[in-house]
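In: Sequence and predicted structure are below.
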Amino acid sequence: SFSATQDLEREMEEVKTSFHNKTLALQRIQVTAALRDKMKQNDDDSRLILETVKHIVVLSQAVIERHRETREKEQNLIDIKRKRLSLKKAAGQKLLQTHTMMKKQKEEEASVIASKMLEKLCNKLQKERERTAILQNVFQNIVIGSRVNWAEDPSLRAIVLRLEKNVY
């Protein structure tokens, strides 16, 4: 069946990969053994091989150091990005606080203005009441001073009784 064929193909690929890896390992072992044997001879070729190996070790250490530096710089970059993000969030919160505070301040200013206007209106109303009370007293004094019998005249009686009412 199709899935059995796929399984066999996959297994065959795994066997090929395993064989290739084992061949590479064997070749490395063989090269290492040959190099070790050559190093024992202590001739010009072995010294050249030793210098090359030392150079490879120095280069490998430099690569490892560069990888470490790269990781540190990447970590620093990540830290900077996190800090930037947190500062951006903090700035947003401060902007919101400032907006809220300015809105509250405008509301307070509007409230103060409204209070002052209300106070002025109350003062004007008080003055008008005082004027009205004075006019009522003057009119009552005129009616009483004229010695007219206001109680007998219905329209005059209504006016005088209205004048008796307290303006306040």
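Out: The structure has been received and is ready for your questions.
In: now the strand or helix carrying Q105: how far from the chain's centre is it?
Out: Assigning secondary structure by DSSP states H and E places Q105 in helix 44-145. When distances are taken as Cα atoms, centre = their mean, to the nearest Å, helix 44-145 is centred 9 Å away from the chain's centroid.
In: Check stretch 159-168 too.
Out: Its chain's C-alpha centre lies 67 Å from the corresponding centre of stretch 159-168 when counted by Cα atoms, centre = their mean.
In: Tell me the residue in the protein that is farthest from the middle.
Out: Here the centre of the chain is the reference, and by Cα atoms, centre = their mean the most remote residue is R147, at 84.5 Å.
In: picking that back up, now do whatever helix or strand comes next after the helix holding Q105: which elements does it pack against?
Out: On the C-terminal side of helix 44-145, the closest following helix or strand by DSSP H and E is helix 154-164. Contacting helix 154-164 under the criterion 3 or more Cβ pairs under 8 Å, 6 or more residues apart in numbering; DSSP states H and E are the following elements: helix 44-145. The way it works is simple: take the backbone N, C-alpha and C, and place the C-beta from them, glycine included.
In: could you say what helices and strands the helix it packs on packs with?
Out: Secondary-structure packing of helix 44-145 (3+ Cβ pairs under 8 Å, 6+ apart): helix 2-41, helix 154-164.
In: Helix 154-164 and that one, what's the angle between them?
Out: Taking axes from the mean of the first three to the mean of the last three Cα atoms, to 10 degrees, helix 44-145 and helix 154-164 form an angle of 140 degrees between their directions.
In: Lowest average pLDDT across the helices and strands packed on helix 44-145?
Out: Here the lowest mean pLDDT among the helices and strands packed on helix 44-145 goes to helix 154-164, at a mean of 80.
In: Give me the buried stretch members for that helix, please.
Out: For helix 154-164, a neighbour-count test (16 or more other Cβ atoms under 10 Å) marks 160, 163 as buried.
In: pLDDT wise, what is L77 at?
Out: Model confidence at L77, given as pLDDT, is 97.
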